[in-house]
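[1] Whatever this is, show me its structure:
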Amino acid sequence: MQPQTNIRARGTASNDAGRFEKLATVQTDDGWDIEEDQPLLRTEVRDEVARSVITYNRSPDLPFDRSINPYRGCEHGCVYCFARPSHAYLGLSAGLDFETRLTARGNAAEVLRKELSARSYRVAPIALGTNTDPYQPVEKERGITRACLEVLRDFNHPIAIVTKGTLVERDLDILAPMAALGLVRVGISLTTLDAGLSRRMEPRAPSPKRRLEVIRRLTGAGVPVRVMTSPVVPGLTDHELETLLEAGHDAGADTASWIMLRLPREVSALWQDWLAEHEPARAEKVMARLREMHGGRDYDPRWGHRMRGEGEYAELIAKRFKVAVKRLGLKVKSDELRRDLFAKPPQPGDQMSLF
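    Take a look at the predicted model:
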């Protein structure tokens, strides 16, 4: 980042070095009293040649064991994003670098086709967008997510998508037919209905009103949607839980879930800086609630605890959620996606069948 850079519509102003870096760069005044232009900090996209695209996990907290992420980093800039620390593995900051220095996996669809064609591959639902949003703004130009969807469609492969982005509407021509076969579901993250708060926490993500419209369009086309009230921020958005679920239900969602705010590694400092700037009167209460749920720490990464915490407050949120979904008739567990339709499509050079 250049000195005196104009930072606009970003989730954080911090760009501290990644935790694996030995050196740090610090901006400082050069002492010259000369007025200088402030260049706007723009997003950079670099290409990566992927050797594999399906990532496998064994986490008991997750309802899937494999996922695809077409992009590293996310321009939506959600200050609370639990994925920010992953940028450190690229030698980059979890702060502004995560929002502005993206990596696109341009050959993802080609590699995915090879992985699904392997004789050893065993079909199970693939989660798309578990770390960073597959429909963030860069997808409009790169189209990597759509290319991956085309491959999954060709194989009749089950897929679960998680996004805040409106570009998912562009791919209804693929998603609607897959949904008719029981091969796809989409989760739309809804954090708050307060447009101003959303703009400050999630500066480049679509507004809450627009996300509800996405739910309407998807469900109207026959695509099942889960409204994800995530993250629940204690002392800031927790009072909206029932309202968010009701809004999602009214828009057409048939399933719901919730996750408590998570502050792994560098995210905690970024979040606390954001609170000090944007919600100073509530900062102490928010952090006190979080620490109460994590044994006095900002975050407890243990399986079975990291998603929702523990203690009286966590139990209260869980009870409120349970009562609300029952009242609204929302499901908590999605219908199983079909696996029996999976088949390798004909490839150039394949031996043709005689029958």
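[2] quick one: the strands in the stretch 1-150 of the chain?
    For the stretch 1-150 of the chain, the strands defined by DSSP state E, counting those that start in this stretch occupy 44-47, 55-56, 66-68, 71-72, 101-104, 126-128.
[3] meant to ask about the stretch 201-350 of the chain
    225-232, 255-260.
[4] Got phi/psi on the residue nearest to Ser207 when sequence neighbours are not counted?
    Excluding the flanking residues, the one nearest Ser207 by C-beta to C-beta, 6 or more residues apart in numbering is Ala195, at 5.3 Å. Placement of C-beta: from N, CA and C, glycine included. Main-chain torsions, Ala195, degrees, to the nearest 10: phi -60, psi -40.
[5] just checking, Ala195 touches Lys209?
    Yes. Ala195 lies in contact with Lys209 (C-beta atoms under 8 Å); the separation is 6.9 Å.
[6] Against which helices or strands is the longest helix along the chain packed?
    Of all segments of type helix in the chain, defined using DSSP state H, the longest is helix 312-328. Secondary-structure packing of helix 312-328 (3 or more C-beta pairs under 8 Å, 6 or more residues apart in numbering; DSSP states H and E): helix 241-251, strand 255-260, helix 283-293.
[7] Can you give the contact residues for that helix?
    By C-beta atoms under 8 Å, 6 or more residues apart in numbering, the surrounding residues in contact with helix 312-328 are 229, 232, 234, 238, 241-242, 245-246, 249, 256, 258, 260, 289, 292-293, 308, 330-332.
[8] May I see the buried residues of it?
    For helix 312-328, the neighbour count (16 or more other C-beta atoms under 10 Å) marks Tyr313, Ala314, Ile317, Arg320, Phe321, Ala324, Val325, Leu328 as buried.
[9] One more: stretch 294-303?
    For stretch 294-303, using 16+ other C-beta under 10 Å, the buried residues are His294, Asp298, Tyr299, Asp300.
[10] what's the farthest-apart pair in the residues you listed?
    Asp298 and Asp300 (8.8 Å; C-beta to C-beta).
[11] Quick check: end-to-end length of stretch 183-193?
    The straight-line separation of the ends of stretch 183-193 (C-alpha to C-alpha, to the nearest Å) is 30 Å.
[12] Oops, could you answer that again for stretch 41-60 instead?
    End-to-end distance for stretch 41-60, by C-alpha to C-alpha: 39 Å.
[13] repeat for stretch 66-85
    End-to-end distance (C-alpha to C-alpha), stretch 66-85: 20 Å.
[14] oh, and call the first residue 254 from now on, that's how I've got it
    All right, first residue 254 from here; so that's stretch 319-338.
[15] What mean pLDDT does that stretch get?
    The average pLDDT within stretch 319-338 is 95.
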